[in-house]
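Colleague: okay, here's the prediction I keep looking at, along with the sequence it came from:
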Amino acid sequence: MKLLALSLILSLCTLSSVLSQTLDIPDAKFRAALLQSGYDLDADGHISPSEAAKVERLEVSGLALESLKGIESFTNLRYLNAGQNELTSVDLSGLERLEDVYLFKNKLDSLRLRGCRNLRTLDVWGSVSLGELDLQGLTSLRRLDCYSTGIQKLDLRGLTRLQKVDAQESFLKELILGDNDELEKLNVRRSYLEFAQLTEAPNLVEADLSRNRLAYLDIRGLEKLRSVDIDNNPLVILKMGGNMSLLRMPF
């Protein structure tokens, strides 16, 4: 009887040890994708934290995933493509090595990116339920694709390396620039902007602000600006100035 009890205790301890070394990945499709991709290095049917930490690139697009819970343990992840899924909430906070994130055509209403200081590319287009996007601290960000989303306010202050922004066909009502010295291309056409001051992007080359509700636009001092489209806007105040070689300004 004592031997049986001891055996049972040992079995429970072994099970507890195994469980403690296994990531909690509730989405069965996400778990299956990880296993099929060969990340289960010891072939025990589970993904451990140590195995997750070895992954640098993750391709899980078009799999009808509903959750990426467990991804927080992929601490060395640099590239993530989880586009064309059913994701509503994604938390990538603390994944400091992430450089490229593709979450396009999901059902996102929440996205957390705190601590992703090396992020260069962020693509969330097509998430019409995504009403806000916190980009604070993403000082390495170079390209942002957030068109066809529900985002109403886009605060780009402090994103000093940002080069291209595509936020067209969205619900955007407020665009805030600040120290965007490397920004060259801006597309916010077919949105709801009433006010735009682009002077904080001194190296801007192309800007499409057509089909908004702009009454005020300030593009003074943008000497590198070559193309600005402000077609279909009820402009009342247009501030230009500077020595621009402006090639196109349709009304």
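Modeller: Sure, I can see it.

Colleague: only C-alpha atoms for contact and neighbour calcs from this point on.
Modeller: Will do.

Colleague: per-residue confidence at the closest residue to residue 110 other than its chain neighbours?
Modeller: Nearest in space to residue 110, with sequence neighbours left out and distances taken as CA to CA, 6 or more residues apart in numbering, is residue 89 at 4.7 Å. If you check residue 89, the pLDDT there is 98.

Colleague: with residue 240 instead?
Modeller: Residue 240 is given a pLDDT of 88.

Colleague: surely it and residue 220 touch.
Modeller: Yes. Applying CA atoms under 8 Å as the test, residue 240 and residue 220 come out as touching, 4.4 Å apart.

Colleague: ok, these two, which is more surrounded?
Modeller: Neighbour count, other CA atoms under 10 Å: between residue 240 and residue 220, residue 220 has more, with 18 against 15.

Colleague: sec struct for that one, please.
Modeller: coil (DSSP: H, G, I helix; E, B strand; the rest coil).

Colleague: contact partners for it?
Modeller: 199, 239-242 (CA atoms under 8 Å, 6 or more residues apart in numbering).

Colleague: checking my notes, residue 50 in a helix, right?
Modeller: Yes. Residue state for residue 50 (three-state DSSP) corresponds to a helix.

Colleague: tell me how many other residues crowd it.
Modeller: Residue 50 has 15 neighbouring residues, counting by other CA under 10 Å.

Colleague: cool, and residue 43?
Modeller: Neighbours of residue 43 (other CA under 10 Å): 10.

Colleague: for the protein, which residues score under the pLDDT cut-off?
Modeller: Low-confidence segments of the chain, defined by pLDDT under 70: 1-20, 242-251.

Colleague: all helices of it, in order?
Modeller: Using DSSP state H, the helices found in the chain span residues 2-20, 28-36, 49-52.

Colleague: look up how far residue 59 lies from residue 177.
Modeller: Applying CA to CA, to the nearest Å, the value for residue 177 to residue 59 is 33 Å.

Colleague: neighbour count: those two, which is higher?
Modeller: residue 177 (19 against 14).

Colleague: that one is in contact with residue 156, isn't it?
Modeller: Yes. Counting by CA under 8 Å, residue 156 is a contact partner of residue 177 at 5.2 Å.

Colleague: dump the residue contacts of residue 151.
Modeller: Counting by CA under 8 Å, 6+ apart, residue 151 touches 128, 130-133, 170-172.

Colleague: oh sorry, the question was meant for residue 46
Modeller: Taking CA under 8 Å, 6+ apart, we find residue 46 in contact with 22-23, 35, 40.

Colleague: is there a quick PyMOL command that grabs whichever of those residues are buried?
Modeller: A single PyMOL command is used to select the members of these judged buried by 16 or more other CA atoms under 10 Å:
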select buried, resi 23+35+40
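
Colleague: looking at the contacts of residue 46, which is nearest residue 213?
Modeller: residue 23 (48.9 Å; CA to CA).

Colleague: and the gap between the closest one and residue 155?
Modeller: From residue 23 to residue 155 the distance is 35 Å (CA to CA).

Colleague: for the residue most central in space within the chain, list the residues it contacts.
Modeller: Nearest residue to the geometric centre of the chain (CA atoms, centre = their mean): residue 122, 3.6 Å. Contact analysis of residue 122 by CA under 8 Å, 6+ apart lists 100-103, 141, 143-145.

Colleague: any idea how many residues pack against the nearest residue to residue 26 once chain neighbours are set aside?
Modeller: Of all residues not flanking residue 26 in the chain, residue 69 sits nearest, at 6.9 Å (CA to CA, 6+ apart). The number of residues packed near residue 69 is 18, by other CA under 10 Å.
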